[in-house]
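Enquirer: A structural model of the following input is requested.
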Amino acid sequence: MLISLIVPIHNEQAGLARFWQAVSASLKQSGYTFEVVMVDDGSTDDSWQLISELTTADQSSFDVTAIRLSRNFGKEAAILAGLRRAGGNAAIVIDADLQHPPKLIPKMLELWDKGKIPIVEGVKHKRQHESSLKRVGATLYYRVFKLSSGLDMRGASDFKLLDRRVIDHYINLPETARYFRGLTAWMGFDSAAIEFEPPNREAGMSGWSIRNLLALARTTIISFSSLPLRIVTWLGLIGLIFSLGLTIQTLWYKWMGYAEAGFPTVILLILGMGSMILFGLGLIGEYIGEIYREVKRRPSYIVSDIHSTSDRGGNPGNEQPTDTELASLHSDDYE
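Expert: Alright, predicted model coming up:
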């Protein structure tokens, strides 16, 4: 039984040797046949050279495939490229920074094989060391995401095992803006959780800046829910009710003969309503921007190079397969 290990990589040169040593030891403890698919997401260090060398080394225990994207398309695109290449009965997505413990791989496989569970996910029992700003921001984001989409992503991670049927459904989803954790939860397959406490990074720096995290939060919330648009509608309704009440009050004061000029009130109302209108237009613009990006149907990524110890496996391709015809059109790419 073949198991695919998907490893998205971006500037992980400093820790790749330790990761390879740890993951090799864990894979050899299991009785399965493995292939390792390492996807270089536009690294600017020597990550590509290091993972390419693994495809030429003598790896008798498992096959190794190194995929290089033409530029940095993001982790979601790298995971998608790896899953498209995966030819196993199941695939495990794991980070190369050792914050996803490779020692848990045998336990994940045991739950999947014996329990016939389509998804086995690693859930963070405790977040790794990070700044107070990131911790508060993450808590706020997960609450907003649950409120808007109905999916509880607290403690969720990309460290997951996916059964073959889950992989097939995932890679054939039509959207280009993907959120791996959210989409696997949205599909609704039965799942089991393995708790872990992510250690601090042993080498290198995290590529997730505050700006990147804010952009991810914006994209995921917009992709999974129209609740923000409904909030604008509610704000407009509240503003209408308030305006009607203020109109009745003004007419009453005028009828009673003690109406005031009220210039401060008028100015505040103009500023408040104008801000609400601009906020609503900006939010609508965000949704229109996402629609524009989707209808262009640009590929989620472009592959520039592939090295492999075997021709076994799927096809990472460059396009988003939306139907059987499109998938077959690119079935011979990069082979």
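Enquirer: At the geometric centre of the chain, which residue do we find?
Expert: Most central in the chain under CA atoms, centre = their mean is Tyr179, positioned 3.2 Å from the mean C-alpha point.
Enquirer: how far away is that one from Asp190?
Expert: To Asp190, Tyr179 is 20 Å away according to CB to CB, to the nearest Å. All C-beta spots, glycine's among them, are computed from the backbone N, C-alpha and C.
Enquirer: which stretches of the stretch 201-335 of the chain form strands?
Expert: Here the stretch 201-335 of the chain has its strands, by DSSP state E, counting those that start in this stretch, at 303-308.
Enquirer: Please tell me I have it right and Ile94 contacts Phe159.
Expert: Yes: assessed by CB atoms under 8 Å, Ile94 is found in contact with Phe159 at 5.7 Å.
Enquirer: shared neighbours of the two, anything?
Expert: Taking CB atoms under 8 Å, 6 or more residues apart in numbering as the contact rule, the neighbours common to Ile94 and Phe159 are His100.
Enquirer: All the helices of this structure, residue numbers only.
Expert: For the chain, the helices defined by DSSP state H occupy 16-28, 47-56, 75-85, 105-115, 132-149, 164-171, 180-186, 210-224, 227-256, 263-296, 324-329.
Enquirer: Burial check on Leu246, number of neighbours?
Expert: By the measure other CB atoms under 10 Å, the count of residues near Leu246 is 13.
Enquirer: What of the one 10 residues further on?
Expert: Using other CB under 10 Å, Met256 has 8 neighbouring residues.
Enquirer: just to revisit the earlier point, let's have the helices of the chain in a markdown table, adding mean pLDDT and distance to Leu5.
Expert: Shown next, in a markdown table, are the helices of the chain (pLDDT from 0 to 100; distance: least, CB to CB, whole Å):
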| stretch | mean pLDDT | distance to Leu5 |
| --- | --- | --- |
| helix 16-28 | 89 | 7 |
| helix 47-56 | 89 | 12 |
| helix 75-85 | 94 | 9 |
| helix 105-115 | 89 | 8 |
| helix 132-149 | 75 | 27 |
| helix 164-171 | 94 | 13 |
| helix 180-186 | 89 | 15 |
| helix 210-224 | 73 | 24 |
| helix 227-256 | 74 | 36 |
| helix 263-296 | 77 | 30 |
| helix 324-329 | 36 | 23 |
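Enquirer: Distance check, the residue nearest to Ile117 when sequence neighbours are not counted against Ile306.
Expert: Excluding its sequence neighbours, the residue lying closest to Ile117 (CB to CB, 6 or more residues apart in numbering) is Ala192, at 4.8 Å. Counting by CB to CB, the separation of Ala192 from Ile306 is 33 Å.
Enquirer: Kindly report the same for Gln249.
Expert: Counting by CB to CB, the gap from Gln249 to Ile306 is 71 Å.
Enquirer: Compare neighbour counts for the two and give me the winner.
Expert: Ile306 (20 against 11).
Enquirer: Just list whatever residues bridge to that one.
Expert: Beta bridges link Ile306 to Ile67 when assigned by DSSP bridges.
Enquirer: which residue packs closest to His307, ignoring adjacent ones?
Expert: Thr55 (4.1 Å).
Enquirer: my guess is the one you found meets Thr65, correct?
Expert: Yes: under the criterion of CB under 8 Å, Thr55 makes contact with Thr65 at 6.9 Å.
Enquirer: shared neighbours of those two, anything?
Expert: Residues touching both Thr55 and Thr65 (CB under 8 Å, 6+ apart) are 307-309.
Enquirer: buried subset of these?
Expert: 307-309 (16 or more other CB atoms under 10 Å).
Enquirer: Kindly reformat the residues you listed as a markdown table containing pLDDT and distance to Val136.
Expert: As requested, the buried ones among the shared contacts of Thr55 and Thr65 are arranged in a markdown table below (pLDDT from 0 to 100; distance: CB to CB, whole Å):
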| residue | pLDDT | distance to Val136 |
| --- | --- | --- |
| His307 | 90 | 43 |
| Ser308 | 87 | 44 |
| Thr309 | 84 | 45 |
